[in-house]
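**Q** okay, here's the prediction I keep looking at, along with the sequence it came from:
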Protein chains: 2
Amino acid sequence: MSFRVPVQEISHALRHGAGLDKMISRGLFPDLSDDLVEAVLEEAGRFASEEIAPLNRIGDQHGTPFENGVVRTPPGWKEAYQGWVDGGWMGLSASPEHGGQGLPLMLFAATTEMWNQASMAFGIGPVLTVGAIEALATHGSPHLNKTYLPRLVSGEWAGTMNLTEPQAGSDLALLRTKAERRDDGTYLIRGQKIYITYGEHDLTDNIVHLVLARLPDAPEGTRGISLFLVPKYLPDGEGRFSIRNDLRCTGVEHKLGIHGSPTCTMSYGEGEGAVGYLVGEENRGLNCMFTMMNNARLAVGLQGVAIAERAYQQALAYARERRQGKAPGAAGGEPSPIILHPDVRRNLLTMKALTGAARIICYETAHALDIARHGSDDEERRVAQERANLLTPVAKAFSTDVGVEVASLGVQVHGGMGFIEETGAAQHLRDARIAPIYEGTNGIQAIDLVTRKLGQSDGEAVRSYIAEMRETVARLGTSDLPGLGEAGERLAAAIDALERATLWITEHASLDPAQVLASATPYLRLFGIAAGGAGLARGALAAAEAGAEGARAQIELTRFFAEAIAPEAGALAQIVTGGAEATLAADAALA
Amino acid sequence: MSFRVPVQEISHALRHGAGLDKMISRGLFPDLSDDLVEAVLEEAGRFASEEIAPLNRIGDQHGTPFENGVVRTPPGWKEAYQGWVDGGWMGLSASPEHGGQGLPLMLFAATTEMWNQASMAFGIGPVLTVGAIEALATHGSPHLNKTYLPRLVSGEWAGTMNLTEPQAGSDLALLRTKAERRDDGTYLIRGQKIYITYGEHDLTDNIVHLVLARLPDAPEGTRGISLFLVPKYLPDGEGRFSIRNDLRCTGVEHKLGIHGSPTCTMSYGEGEGAVGYLVGEENRGLNCMFTMMNNARLAVGLQGVAIAERAYQQALAYARERRQGKAPGAAGGEPSPIILHPDVRRNLLTMKALTGAARIICYETAHALDIARHGSDDEERRVAQERANLLTPVAKAFSTDVGVEVASLGVQVHGGMGFIEETGAAQHLRDARIAPIYEGTNGIQAIDLVTRKLGQSDGEAVRSYIAEMRETVARLGTSDLPGLGEAGERLAAAIDALERATLWITEHASLDPAQVLASATPYLRLFGIAAGGAGLARGALAAAEAGAEGARAQIELTRFFAEAIAPEAGALAQIVTGGAEATLAADAALA
């Protein structure tokens, strides 16, 4: 089956659902026009569908063979990556001063989704490079940035993020990699890092590792971590990067999915020590890392959306072709395409509605980040940054859970065929399963949401978001669109549920933090359901007002989400507010 | 990590939760004693833990190589199977007249769970043989049975079920395999079957295929299907089975999981035709097949429970060892075992509570089947058979969905390690994913439940089941067990929700069958939540009354299920009764 990026749907979600149209009409990006947006999306969609998507299966089958420290990417990947670099896709939203095109993050988010629809294993590579770009652009010295940023922004070189060590995963306080000051202002790095995505590969001539490490006199815990840039090749005297740094890949993991992307164990400084350059200030590395991670978190959320879209398209195509049984009301003697069976229909609609809801949340997050950079005044930018902070964990965790859920439904729609690897549906599930784990597990995201993000501006950040959702949903009731009155009520109930749960979290935050931690995950899901439903409604209303093609589909999907998915919100609120005590009390059950 | 069958928990669920104690005390199985039950469970648990479980990983890695029609099982599997046959496990609940031990199906269900905890790929083999045994015992001629049944019951030979063809999966009306009458009363079979589990292997000297096929003059559709026994080896004149029948395996699938079990494409009658013997009457094969399938459906439900248990044990062990971050209230400078983090705790409790709930439902189904065979009068047996009919689709679909959900949570608890194949957590997810598909997809189960099972005895079968659940749950409120009052209310609300949804289904069954079909899947999940919660409550109450070891764990788990999972029931009822219209109306959204 041939996959196509759903350019129209993505464009619709960006423009109507997530606020791109308004951003254009306000002139926050002076050079940005509707035409430019459409041209970018069309060309990215074409490249993803035609140049990357065909490599997805190949990547799964070939993996990334490792021999003597060398990692080979799957057949065709190097050429596709080069084509992608030539297209200038890496620097789409990077600053023009570093060679970027300065376009909105919203557009970059949309293209990120596209590369990952085409292949998650391909798409995760640039996510790490963006992290490196962001960290350098925000914290790097002018000298360092002059050397490294343009080559990262162009995609000529790739970046990595080296956080995890065997004993230090979610808990970075435990990390042991050492950095030693040298007289020339550089550092020597020694230690082992694991799970380094694209830690070694043959796509680029140089790889720019960003590595967390400790100085000898650093305080314990997370306040003693510094960030270093450690390139695979160091510059010689003539401006060429020809000197091999003292670092190497010592192994590649055998993973459940995303086989096309090498997940490396990296060893730094087995000899004289790997030369590194400080990024930001000493002992402030965690700060720099959060810059990398926040963007990476949104990108991983987009991976969830992307794999869901891919799985949906494949299941839809199968359900149209496969004929089994007679659907209700079907005439004649022929078996019906299974898409006509109500149970299969419910599966497909669930897939599509969850995908659409997660997409809007991710794009809204990107929108908030754009306003946080380009808003017209400090206050607008501050508020937008808080909105982005609030939505980032939801975008990451809700969307990646959706990715797994939708990919699993995709297998189910295929029946027995779904379990056969050649069909490809199973690969989507295998690929999807990493996204709830990396860049901070979804549990960590939920904890971040309830312990840090809800409290922003004394709760005003979440309150204003809820108020906006409420306004959107109220418009469903007053619109004359058929069938949306009931949907409006259901979505309003979901928002009420979110508000109740939010209040409970706020009240218990200082009173009984363990209870809040126990309820964090169902709270995040509830947030995603309410926000996704409101986002779909916003898009549907805008599409209907604009008389847009596809408006009817948007309305139907909003209604389905409201009536067949959103009721979950009430149950989640009950679980958030009533399930924590039982969770904490159950000692014997886990003994 | 070394896996152990949780013999005590299984014994508890059988005896207190699902009614085995009462069955023993009523004397329905005269030779059955508590001691015998414990001895059987202990020895089965030992065999599964020590002899089969170590092969699980090996099976995953080696798969079942196929060459020239020959399928090799993974290293060590033949020896383990022989040991299992020597233990007499195949015939545990088969009739003594065919060489079985005549023990309750409940015990057989418990041991089925155990083999599948140890290895789903190993455990699925005997499930097919049981299907063949049941079909023959119920429908086979005395002559046929005399030859084949004892060898199947002993496990000396294995059985298969040949239903699916490329164009005929859920819809058996479409099957094309042909049967031709011969003068000697036998038949010649010609056709191709796919997805035949253990269709070919080296575990046994002969394989007894049960094959659905059509006679030349058969009516169209499912009323024209007959069942045939087609052995791999036919008897020669001297009572030896030395003549190769005209059938062969033409390929083995490359699957997402259960790699240790060969899934075969079978070709019958490429030459002169494969010799087959009619089972039951001509054109009544579907009837016979349902006999096979009902038992297989319960067994597959038990696979869901089993893989959930396996995944839970592995995640629990990891969560006890792995140290990251400081848990709330933790003293000292050491990082805490992650089991102390409330979010991880919630994951583990969710895994354990869902597993326990699904287990009780499966064992209750087996209990009903035992009473249906051994009840003291016709009426008791009739009522019990209806109970078994009612619960079978729930046991199959709810439990296998739980299997996938719990295995996925198991991956999540492991963090990055979960995605690495060597950890083993990912294998459980890959293995689990088949169970919602085979033996009738979970969508088919849900449709079976709402269209056939709810209507039994004019709704009395489901009404009496709901009434029983209500009684159990009411006892939570009047018990003086601490913390269970609130739990009782939550479970009562879940049962109310099930009742509302059941009423809606009943009302719409003739009025608007398409709506009922659209709501079937959420209805089945709702049924499972209510029944599982009531089942856990029943077990906890009985354990507390008996002052049993582990009673406190049961109580905590019941409370957790009631307060942190069962609220889902209210949402599901809303989705069942309010989500179908939107599902059926969404034409443009799926265009």
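**A** Sure thing, it's come through.
**Q** so residue A:439 makes contact with residue A:296?
**A** Yes. Counting by C-beta atoms under 8 Å, residue A:439 does reach residue A:296; the two are 4.8 Å apart. (Each C-beta comes from the backbone N, C-alpha and C, glycine too.)
**Q** which of those two has more neighbours?
**A** Neighbours per residue (other C-beta atoms under 10 Å in any protein chain shown) separate residue A:439 from residue A:296, with residue A:439 holding more: 30 against 24.
**Q** by proximity to chain B, which residue of the stretch 101-250 of chain A wins?
**A** Nearest residue of the stretch 101-250 of chain A to chain B: residue A:171, at 3.9 Å (C-beta to the nearest C-beta).
**Q** tell me how many other residues surround residue A:423.
**A** By other C-beta under 10 Å, 18 other residues sit near residue A:423.
**Q** give me the distance between it and chain B.
**A** Noted for residue A:423: a distance of 10 Å to chain B, by C-beta to the nearest C-beta, to the nearest Å.
**Q** now do residue A:421
**A** According to C-beta to the nearest C-beta, residue A:421 and chain B sit 5 Å apart.
**Q** ditto for residue A:531
**A** Per C-beta to the nearest C-beta, residue A:531 is found 17 Å from chain B.
**Q** and for residue A:77?
**A** Relative to chain B, residue A:77 is positioned 21 Å away (C-beta to the nearest C-beta).
**Q** so that residue sits against residue A:260, correct?
**A** Yes. The criterion here is C-beta under 8 Å, and residue A:77 meets it with residue A:260 at 6.8 Å.
**Q** could you tell me which residues touch both of those two?
**A** Taking C-beta atoms under 8 Å, 6 or more residues apart in numbering or on different chains as the criterion, residue A:77 and residue A:260 both touch A:55, A:59, A:122.
**Q** wasn't the last one part of a helix?
**A** Yes. Checked against DSSP: H, G, I helix; E, B strand; the rest coil, residue A:122 lies within a helix.
**Q** give me the number of residues near the residue lying closest to it once chain neighbours are set aside?
**A** For residue A:122, ignoring the flanking residues on the chain, the nearest one in space by C-beta to C-beta, 6 or more residues apart in numbering or on different chains is residue A:52 at 5.5 Å. Around residue A:52 there are 26 other residues, counting by other C-beta under 10 Å.
**Q** state the next helix or strand along the chain beyond the strand or helix carrying residue A:192.
**A** Using DSSP states H and E, residue A:192 maps to strand A:187-197. Note on strand A:187-197: by DSSP H and E, the next helix or strand toward the C-terminus is strand A:207-213.
**Q** write out the residues of the stretch 251-400 of chain A neighbouring chain B.
**A** Residues of the stretch 251-400 of chain A lying close to chain B (C-beta under 8 Å from any C-beta of the partner chain) are A:253-257, A:316, A:323-325, A:328-329, A:335, A:339, A:341-349, A:352.
**Q** any of those buried? List them.
**A** For those, burial is judged from neighbour counts taken by 16 or more other C-beta atoms under 10 Å in any protein chain shown, and it is met by A:253, A:255-257, A:316, A:323-325, A:328, A:335, A:339, A:341-349, A:352.
**Q** pLDDT below threshold where in chain A?
**A** Applying pLDDT under 70 to chain A flags residues A:1.
**Q** can you do 90?
**A** Within chain A, the segments meeting pLDDT under 90 span A:1-2, A:31, A:170, A:237, A:239, A:287-295, A:329-334, A:477-485, A:546-550, A:591.
**Q** do a quick rundown of the strands in it.
**A** Counting by DSSP state E, chain A has strands at residues A:66-67, A:70-71, A:158-162, A:178-181, A:187-197, A:207-213, A:226-231, A:233-235, A:241-244, A:247-252, A:263-268, A:274-279.
**Q** quick check: which of the ones you listed is nearest to residue B:487?
**A** Residue B:487 lies closest to strand A:187-197 among the strands of chain A, at 40.5 Å (C-beta to C-beta).
**Q** in its sheet, what does that closest one sit against?
**A** strand A:178-181 (antiparallel), strand A:263-268 (antiparallel), strand A:274-279 (antiparallel) (DSSP bridges).
**Q** mind putting these into JSON lines with mean neighbour count?
**A** As requested, those are exported to JSON lines (neighbours: other C-beta atoms under 10 Å in any protein chain shown):
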{"stretch": "strand A:178-181", "mean neighbour count": "20"}
{"stretch": "strand A:263-268", "mean neighbour count": "23"}
{"stretch": "strand A:274-279", "mean neighbour count": "24"}
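**Q** distance to residue A:384 added to those, as JSON lines?
**A** Listed next are the strands paired with strand A:187-197 as JSON lines, based on distance: least, C-beta to C-beta, whole Å:
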{"stretch": "strand A:178-181", "distance to residue A:384": "35"}
{"stretch": "strand A:263-268", "distance to residue A:384": "34"}
{"stretch": "strand A:274-279", "distance to residue A:384": "26"}
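**Q** nearest to residue B:377, out of those?
**A** Among the strands paired with strand A:187-197, strand A:263-268 comes nearest to residue B:377, with 63.8 Å by C-beta to C-beta.
**Q** what does the closest one rub up against?
**A** Defining contact as C-beta under 8 Å, 6+ apart, one finds that strand A:263-268 is touched by A:71, A:162, A:177, A:189-200, A:209, A:211, A:230, A:246-253, A:255, A:274.
**Q** which residue, other than its chain neighbours, is closest to residue A:54?
**A** Closest residue in space to residue A:54, ignoring its immediate chain neighbours: residue A:76 at 7.8 Å, by C-beta to C-beta, 6+ apart.
**Q** that should have said residue A:34, apologies.
**A** Excluding the flanking residues, the one nearest residue A:34 by C-beta to C-beta, 6+ apart is residue A:24, at 6.7 Å.
**Q** that neighbour: neighbour count?
**A** For residue A:24, the neighbour count with other C-beta under 10 Å is 17.
**Q** isn't it up against residue A:35?
**A** No. Proximity of residue A:24 to residue A:35 does not meet the contact threshold set by C-beta under 8 Å, at 10.5 Å.
**Q** and for the residue in the stretch 1-150 of chain A that chain B sits nearest to, the neighbour number?
**A** As assessed by C-beta to the nearest C-beta, chain B sits closest to residue A:61 within the stretch 1-150 of chain A, at 10.4 Å. Counted with other C-beta under 10 Å, the neighbours of residue A:61 add up to 13.
**Q** contact partners for it?
**A** Residue A:61 neighbours (C-beta under 8 Å, 6+ apart): A:74, A:259.
**Q** can you rerun that using 10 Å?
**A** Contacts for residue A:61 (C-beta atoms under 10 Å, 6 or more residues apart in numbering or on different chains) come out as A:74, A:75, A:259, A:260, A:421, A:427.
**Q** sitting in helices, which of those do you find?
**A** residue A:427 (DSSP state H).
**Q** out of the contacts of residue A:61, which are buried?
**A** Buried members of the contacts of residue A:61, scored by 16+ other C-beta under 10 Å, are A:74, A:259, A:260, A:421, A:427.
**Q** what's near enough to touch the first one?
**A** Applying C-beta under 10 Å, 6+ apart, we find residue A:74 in contact with A:55-65, A:80, A:119, A:121-122, A:259-261.
**Q** from the residues you listed, which land in helices?
**A** In this view, these that belong to helices under DSSP H are A:55, A:56, A:57, A:58, A:59, A:60, A:61, A:62, A:80, A:121, A:122.
**Q** quick one: the nearest residue to residue A:569 once chain neighbours are set aside and residue A:13, what's the gap?
**A** Leaving out its chain neighbours, the residue that sits closest to residue A:569 by C-beta to C-beta, 6+ apart is residue A:494, at 3.6 Å. Using C-beta to C-beta, to the nearest Å, residue A:494 is found at 20 Å from residue A:13.
**Q** now residue A:136
**A** To residue A:13, residue A:136 is 30 Å away according to C-beta to C-beta.
**Q** and what of residue A:146?
**A** Residue A:146 sits 37 Å away from residue A:13, going by C-beta to C-beta.
**Q** the more surrounded of these two?
**A** Between residue A:146 and residue A:13, counted using other C-beta under 10 Å, the more crowded position is residue A:13 (27 against 11).
**Q** isn't the more buried one up against residue A:20?
**A** Yes. Using C-beta atoms under 10 Å, residue A:13 is in contact with residue A:20, at 9.0 Å.
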